[in-house]
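J.: Here is my input; please provide its structure:
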Amino acid sequence: MSLALEDYALIGDCETAALVSREGSIDWLCVPSFDRAACFAALLGGPEQGRWVIAPADGGHTVRRRYRDDTLVLETTFETPSGAARLVDCMPLREEHPRVVRLVEGVRGCVRMQTQLVIRFDYGSIVPWVRNVHGELRAVAGPDCLRLESDVPLRGQDLTTVGEFDVHPHERVGFVLTWHPSYVEDTKHVDAAVAVAATERAWSRWVRRCTYSGPWRDAVVRSLVVLKALTDAPTGGMVAAPTTSLPERIGGVRNWDYRFCWLRDATFTLLALLGAGFEDEARAWREWLLRAAAGDPAKLQIMYGVDGRRRLPEQELGWLPGYEASRPVRCGNAAHTQLQFDVYGEVMDAMYQCDRFGIEPEAAFWNLLRMLLECLEGKWHEPDEGIWEVRGPRRHFVHSKVMAWVAFDRGLSLMTAAGFDGPADRWRAQCEKIKAEVCTRGFDRDLGAFVQSYGSKHLDASLLMIPLVGFLPASDARVRGTIEAIERQLCDGGLVRRYGTDRSVDGLPRVEGAFLACSFWLADCLALLGRRDDARALFERVLALRSDVGLLSEEYDLERRRLVGNFPQAFSHVALVNAALYLRNASPLDPGETRPTLR
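T.: Down below sits the predicted model:
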């Protein structure tokens, strides 16, 4: 059985990332960038798929771990009968090539440590050629090379690299693993202790820019650090998660590749960063969007590669058994071809919020946004695949229509605020038409609530966005009825499922966990209804599900009581930040108010 997701911590350099277990193993690492092939993939198969362990040799140890203050430098402390040692892990913010730095520090007594390195490129399918060059280990296969600098002697054993060493108080033993193209020489020496200190300073400098103050600061800052780590520094793109195929249901088939930039996730992330004072990241994302969306606005995709590439073909990696036998393991994501109207609203809302925070759009950028709205005019009335990316027939999802309304509403607001030209009367008419249609076809009088799609009798947690984006105020009886119906029918153990478990929405097996972002949305809605105590209680209920180092995945398995889905998940962390901002400032809406202050 694999370790639970709660047993892993994230390290990263804002261009790629790794997962480190509480046992001292790195079981997942993609290099040189988020969506490249993994050279450590034990998370999806086992040690033979690649991993790197540094841990006490006696095996009889207990573990404490933490991040150093508000950084992404991880400390794991091992207690053994003979003493204590500390393992420090990080990925220095990149100068040229990605590096993993591991530093063992003696704390008390004498601890016998061991290391085992199993390198397998291309998701465990390629065994590299390993040789010793001037005291360094070099593993080469095709275009990839991993170079290991070590303070202790290493030896080969059964296609792995192993070594043992003792560590005493105040002693430090360093390891530096560097990826570089196999056809490029890299001889730069890196001092592990110096690299750890520099990485710690760099993260501390970044966090000092945070303007958030108030309750739950530790949870908010940790989430912001995660979001920054999932942002690709050279391009400004933001990946949804650093992993692929971690299942939404253990043993199930809902296993997707999340190492791409969803416009939806990225725009919510942008709003969280803006709300906490990080304007540089917002500007970088806006430029990323301009590049990614260039060309025909009718071909706007819901997701792109972090570099803006559009083709993300999906394939199954049949040689990998998957996390706890959850198959198939997938690389790429076929949903990039789907039609989802909500992304238009999210992009326009993000640009409107940028303008509110003083990041004014240039005329060239407005031309792109205007073309997007003109494209949406001609097709918002069509069915789409919706926010949950159904792999089945398209439908008239209410959330998609609401977000189409948001696109025109924010477009009008941005045009007015920035003094741009546009067909204001025409877009205003579109807003009125969409709202009338949703209120007529998307509301079920028998249920007293809005429904998932036109003609449906089923609820959907995405309907919680209706008051949060200002489509209708929370004081509207139809909105209140929807929120209360979701509480009754979609809540389990105080947490929110995306939709009912009595049917399949997306053509796949029905059972899945509670969706953590939706649980935060419900907390926001409860605050708007004036139920602030209930909102805080729900918010803190979800906070309690975080791992010991403050990380969240996409969902929570209520039966097994564990996190599931790709990890850590940007959508969950951004919902946490936005909910904390919201609960700190929100007050119930007046009957005529239609847009909350922070959305």
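
J.: from here on, contacts and neighbour counts on C-alpha atoms
T.: Will do.

J.: tell me the SS of residue 176?
T.: strand (DSSP: H, G, I helix; E, B strand; the rest coil).

J.: what about the nearest residue to it once chain neighbours are set aside, distance to residue 436?
T.: Distances taken as Cα to Cα, 6 or more residues apart in numbering place residue 101 nearest to residue 176, at 4.6 Å, with adjacent residues excluded. Applying Cα to Cα, to the nearest Å, the value for residue 101 to residue 436 is 58 Å.

J.: Between the two, point out the one with more neighbours.
T.: Each of residue 101 and residue 436 has its neighbours counted (other Cα atoms under 10 Å); residue 101 has more, 24 against 12.

J.: Figure out the helix or strand that that one lives in.
T.: Here residue 101, judged by DSSP states H and E, is contained in strand 99-109.

J.: elements contacting that strand?
T.: strand 83-90, strand 160-167, strand 172-181, helix 192-207 (3 or more Cα pairs under 8 Å, 6 or more residues apart in numbering; DSSP states H and E).

J.: List the buried residues for the helix or strand just after the longest one?
T.: So that's helix 192-207. For helix 192-207, the following helix or strand on the C-terminal side (DSSP H and E) is helix 217-229. Neighbour counts over helix 217-229 (16 or more other Cα atoms under 10 Å) mark 219-229 as buried.

J.: what's the answer for stretch 243-260, then?
T.: Using 16+ other Cα under 10 Å as the burial criterion, the residues of stretch 243-260 that qualify are 243-250, 252-260.

J.: before we move on, back to that, how about the buried residues of helix 217-229 in a markdown table, adding distance to residue 115?
T.: Below are the buried residues of helix 217-229 laid out as a markdown table (distance: Cα to Cα, whole Å):
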| residue | distance to residue 115 |
| --- | --- |
| 219 | 33 |
| 220 | 35 |
| 221 | 33 |
| 222 | 29 |
| 223 | 31 |
| 224 | 32 |
| 225 | 29 |
| 226 | 28 |
| 227 | 31 |
| 228 | 30 |
| 229 | 27 |
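
J.: Tabulate the residues you listed (a markdown table), appending pLDDT and distance to residue 207.
T.: A markdown table is the format used below for these (pLDDT from 0 to 100; distance: Cα to Cα, whole Å):
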| residue | pLDDT | distance to residue 207 |
| --- | --- | --- |
| 219 | 98 | 13 |
| 220 | 97 | 11 |
| 221 | 97 | 8 |
| 222 | 98 | 10 |
| 223 | 98 | 11 |
| 224 | 97 | 8 |
| 225 | 97 | 8 |
| 226 | 97 | 11 |
| 227 | 96 | 12 |
| 228 | 96 | 10 |
| 229 | 97 | 12 |
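
J.: closest to residue 389 among those residues?
T.: Using Cα to Cα, residue 227 comes nearest to residue 389 of the buried residues of helix 217-229, at 22.6 Å.

J.: show me the residues around the closest one that make contact.
T.: The contact partners of residue 227, by Cα atoms under 8 Å, 6 or more residues apart in numbering, come to 238, 269, 570, 573-574.

J.: Nearest to residue 61 among the buried residues of helix 217-229?
T.: residue 222 (27.5 Å).

J.: In this structure that closest one contacts residue 552, no?
T.: No. Residue 222 lies out of contact with residue 552 (Cα atoms under 8 Å); the separation is 10.6 Å.

J.: Quickly list what residue 66 is bridged to.
T.: Beta bridges link residue 66 to residue 75, judged by DSSP bridges.

J.: Contacts only, for it.
T.: Per Cα under 8 Å, 6+ apart, neighbours of residue 66: 74-76, 548-549.

J.: how about those in a markdown table, adding pLDDT?
T.: What follows is the contacts of residue 66, written out as a markdown table (pLDDT from 0 to 100):
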| residue | pLDDT |
| --- | --- |
| 74 | 98 |
| 75 | 98 |
| 76 | 97 |
| 548 | 97 |
| 549 | 98 |
